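Build me a model from this:
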Amino acid sequence: MKISEHGGSERRGEGGVDAEGMVRLRAAVRDHWESLSASERAVAQYLVGAPVEQLLFAGAQQLGTASGTSNATVVRALQRLGYAGLPALKRELAAGFTAAVAPEVRLKQRIAHVGRDLDGIWDEVLDEARERIEQTRRLTEPEALRVAVAALADAGEVHAFGVAAAEPAARHLALALGRIGRRSRFVGATGFALADDLLALRRDDAVVIFQPGRALHELTVLVERARAVGARVVLVTDELGERFGDRVDAVLTAPHTPTGITSESLTALVVADVLLLALTTLEEERAVDASHQLTALREQLLAPKGQGRKV
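Residues are numbered from 1 along each chain as shown. Sure, this is the predicted structure:
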């Protein structure tokens, strides 16, 4: 396959801007071409020749059909090219593409891609969700998970931080921890208002930070405060592991969506559920007792007016 110094085909994204992710993809194909099988080469040729926006909205099955191969071959080819999977490729391509294309244009492209076929829409959403969850499984190291669970198990109180798209996962973790008998609080303040939450951090507490990609200044201050008081930190992220890895106790990977087809918080919620189940099994008796009390309190609150209350 003949590939130019710039990676081959001169296709560019909307507005004539060539995404850095595509340049890297072409370079990867050029560097690994001799080691690819015939079917993997077919996948590689299709990838470097397709428009960025087309790759962003395609699932592995679609790419396999388009390249005359299979979804398994697509995944295998991407791994040989140095990608963790299709979501990883999409994330790199999306970085340059989204910077060059206005949000409303991307929305129109997403709508045009899925069309009005309900079966197709069903498949699109579930395919991307499955790809992101499978990548979550592959990218989180078992040792990192063990360290994270241990940090939360030993904590006097867990502070779950999340803002914007990361807020649902943080709220979910904080609420569900309380329901299994563990002290927890949601932290969603930014700027000046965050100081009150930082003041509440104590030695032997734990902080779980949900932040997929943007390195907010608040993250640095929060991590430094936790280290200063002796609290442990678990970071649930997509892109910030390398940047904060040496300053936190554990990094759990939760890939975000490159297309917007699935919820940004999907994989972070899954990671939160893993932590919750692990903690529940560690202290089953406390979790069962808290669940029993919660049920009893709900029954009292649901009692008809005038009943269940004694003066």
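
Flag every buried residue along the helix or strand E124 falls within.
Secondary structure assigned from DSSP states H and E places E124 in helix 118-139. Residues of helix 118-139 classed as buried: 124, 127-129, 131-136, 139 (neighbour count, 16 or more other Cβ atoms under 10 Å). From N, CA and C alone the C-beta is placed, and that goes for glycine too.

which outside residues touch it?
Contacts to helix 118-139, defined as Cβ atoms under 8 Å, 6 or more residues apart in numbering, come from residues 57, 59-61, 84-88, 113-115, 253-255, 257, 259, 261-262, 266-267, 270-271.

Give me the average confidence score over that helix.
On average, the pLDDT along helix 118-139 is 86.

ditto for stretch 87-95
So the average pLDDT for stretch 87-95 ends up being 80.

gap between that stretch and the chain center?
A distance of 13 Å separates the C-alpha centroid of stretch 87-95 from that of its chain, computed with Cα atoms, centre = their mean, to the nearest Å.

what does that stretch rub up against?
Here stretch 87-95 has contacts from 19-22, 24-25, 47, 52, 55-56, 78, 83, 128, 131-132, 135, 238-239, 255-256, 258-259, using Cβ under 8 Å, 6+ apart.

Could you write me a ChimeraX select line covering just the buried ones among those residues?
Selection of buried members from these for ChimeraX, criterion 16+ other Cβ under 10 Å:
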select :19,21,22,24,25,47,52,55,56,78,83,128,131,132,135,238,239,255,256,258,259
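
what number of residues lie near the closest residue in space to L282 that isn't next to it in sequence?
Nearest in space to L282, with sequence neighbours left out and distances taken as Cβ to Cβ, 6 or more residues apart in numbering, is A153 at 5.4 Å. Other residues near A153 number 15, with proximity taken as other Cβ atoms under 10 Å.

got a list of what A153 touches?
279, 282-283.

hmm, 10 Å instead?
Shown in contact with A153 (Cβ atoms under 10 Å, 6 or more residues apart in numbering): 182, 206, 275, 278-279, 282-283.

Can you pick out the most distant pair from those?
Farthest pair in the contacts of A153 (Cβ to Cβ) is A206 and E283. Separation: 15.0 Å.

So for these two, which sits in the more crowded spot?
Taking other Cβ under 10 Å, A206 and E283 do not tie; A206 has more neighbours (24 against 15).

what separates the closest residue to the more buried one other than its chain neighbours from G162, distance-wise?
Nearest residue to A206 in three dimensions, chain neighbours excluded: A155, at 3.6 Å (Cβ to Cβ, 6+ apart). In this view, A155 and G162 are 17 Å apart by Cβ to Cβ, to the nearest Å.

swap in A169?
For A169, the distance to G162 - Cβ to Cβ - is 6 Å.

Which neighbours do those two have in common?
Joint contacts of A169 and G162 (Cβ under 10 Å, 6+ apart) are 208, 210, 212, 236, 265, 268, 272.

Now, these that are in helices?
268, 272 (DSSP state H).

So which of the shared contacts of A169 and G162 sits lowest on pLDDT?
Comparing those by pLDDT, P212 comes last, at 90.

Distance of A150 relative to L275?
For A150, the distance to L275 - Cβ to Cβ - is 11 Å.

Looking at those two, which is more packed in?
L275 (24 against 16).

Surely that one is within a helix?
Yes. Assigned with DSSP: H, G, I helix; E, B strand; the rest coil, L275 falls within a helix.

just the strands in the protein please.
With strands called from DSSP state E, the chain shows them at 158-162, 184-187, 206-210, 232-237, 250-253.
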